[in-house]
Every structure is written in structure tokens, then in C-alpha cells.
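Could you look at this predicted model? Sequence included:
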Amino acid sequence: MNIRKAIETDIPAIVSLLASDALGSERENYTLPIPESYIKAFQNITSNSNQYLIVVEDADEIIGTAQLSLIPYMTYQGGIRAQIEAVRIKSDRRGSGIGEQLFKWMISKAKDKGAHLIQLTTDKKRPEALRFYEKIGFLASHEGLKMHF
């Protein structure tokens with residue numbers, strides 16, 4: 001198993017993973033050819049040195065993905081906050097420790113880049129994800145709010 005930054009040829013596999021659950025199937029558009037919006041997003045993400053679009057591959061198959069963002073900000077004396085988004089592990093590979101290894105990689109990368117904390121949100125419709133995040137050490141310390149446009 002290998003954890004690495006994504007390359008452009010990984011886009012179809014990433015979009016497939018994002019669309020593979022109940023919530024993702026409602027908002028993603030996994031069709032071939034891949035819509036241009038995903039290619040533009042990939043280019044925007046990978047051109048920013050504070051962004052890490054990550055894939056997990058095993059035997060040349062993409063089995064997981066996540067995005068790690070480093071956010072510099074004024075509080076904490078000009079600290080860096082790491083944000084985790086879009087975590088997906090292929091459904092038939094869940095429960096085998098892949099997610100834990102992916103999170104260890106992201107936590108290590110965030111620390112190496114000087115982040116003082118790492119955070120994520122999870123949809124309340126994903127209670128199994130919340131249990132996983134708590135199991136690996138995340139605390140539900142804040143109430144999150146969103147506004148969709």
C-alpha cells in the first residue's frame with residue numbers, strides 16, 4: 001500500500017470514490033469522460049502549496065482519497081491549522097486499517113508543516129465516520145455550522 005499526492009490520471013478514481021456513498025451520489029457527477037469541473041478543481045488544488053490531494057493505492061488500484069489543507073491564520077500567534085476533507089476508503093476495504101494509516105500520514109504531514117492542530121467535519125448522516133474519528137483521537141470540541149450557496 002502506498003499513500004501519495006494525487007496526479008491527474010487519478011482524477012477518475014478519486015471522483016468515483018467521492019460518488020460511491022449515499023451522500024456523494026447526490027452531489028457528485030461520476031461520468032466518463034470526467035467533467036471539466038473536476039479537472040479544474042484538481043489543477044487549482046495541486047497548484048497551491050498548502051493543499052495536498054492524497055490517494056491511497058494498492059497494487060495499482062486507488063482505494064482511498066482525502067484532502068489536507070494547511071490554513072495560515074492570525075490566531076494562535078499566526079498559527080497554521082490543518083483541515084481534512086473528502087475522506088473516502090473503498091467500501092470493500094474499510095475496516096482493514098487503511099483509514100488509520102491515511103490519517104497517520106496526514107497528521108504527520110500537518111505536523112511537519114508546522115500546524116498546531118488538525119480538524120475535520122463530518123456529516124451527521126455519517127455516524128460510522130464520527131465513531132471512527134473519535135476512535136483515532138479526534139474530539140467533538142466545537143459545533144460546526146455551514147451555509148450552502
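Cool, got the structure. Numbers count the residues shown, from 1 in each chain.

count of neighbours near the residue lying closest to residue 30 once chain neighbours are set aside?
Distances taken as CB to CB, 6 or more residues apart in numbering put residue 19 closest to residue 30, at 4.0 Å, once the chain neighbours are dropped. In this view, the C-beta of every residue, glycine as well, is placed from N, C-alpha and C. Neighbourhood size, residue 19 [other CB atoms under 10 Å]: 17.

Enumerate every residue touching residue 19.
Residue 19 sits next to 25, 28-30 when contact means CB atoms under 8 Å, 6 or more residues apart in numbering.

ok, and the residue positioned nearest the centre of the chain, which helix or strand is that part of?
Nearest to the mean C-alpha position of the chain, by CA atoms, centre = their mean, lies residue 66 at 2.3 Å. Assessed by DSSP states H and E, residue 66 sits inside strand 61-72.

how about that strand: buried residues?
62-70 (16 or more other CB atoms under 10 Å).

What of stretch 30-48?
Quick answer for stretch 30-48 (16+ other CB under 10 Å): 30, 34, 38, 42, 45.

so what secondary structure elements neighbour the longest helix anywhere in the chain?
As assigned by DSSP state H, the longest helix anywhere in the chain is helix 98-112. If you count contacts as 3 or more CB pairs under 8 Å, 6 or more residues apart in numbering; DSSP states H and E, helix 98-112 packs onto strand 2-5, strand 51-58, strand 61-72, strand 80-89, strand 117-120.

Export these to CSV and append columns for distance to residue 127.
Output for the helices and strands packed on helix 98-112, formatted as CSV (distance: least, CB to CB, whole Å):
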stretch, distance to residue 127
strand 2-5, 26
strand 51-58, 23
strand 61-72, 19
strand 80-89, 15
strand 117-120, 15
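
Please pull out the lowest mean pLDDT helix or strand from the chain.
helix 22-27 (a mean of 89; mean pLDDT, DSSP states H and E).

what's the spacing between the very next helix or strand once past that helix and its chain's center?
Using DSSP H and E, the helix or strand that follows helix 22-27 in sequence is helix 36-46. Relative to its chain's centre, helix 36-46 lies at 15 Å (CA atoms, centre = their mean, to the nearest Å).
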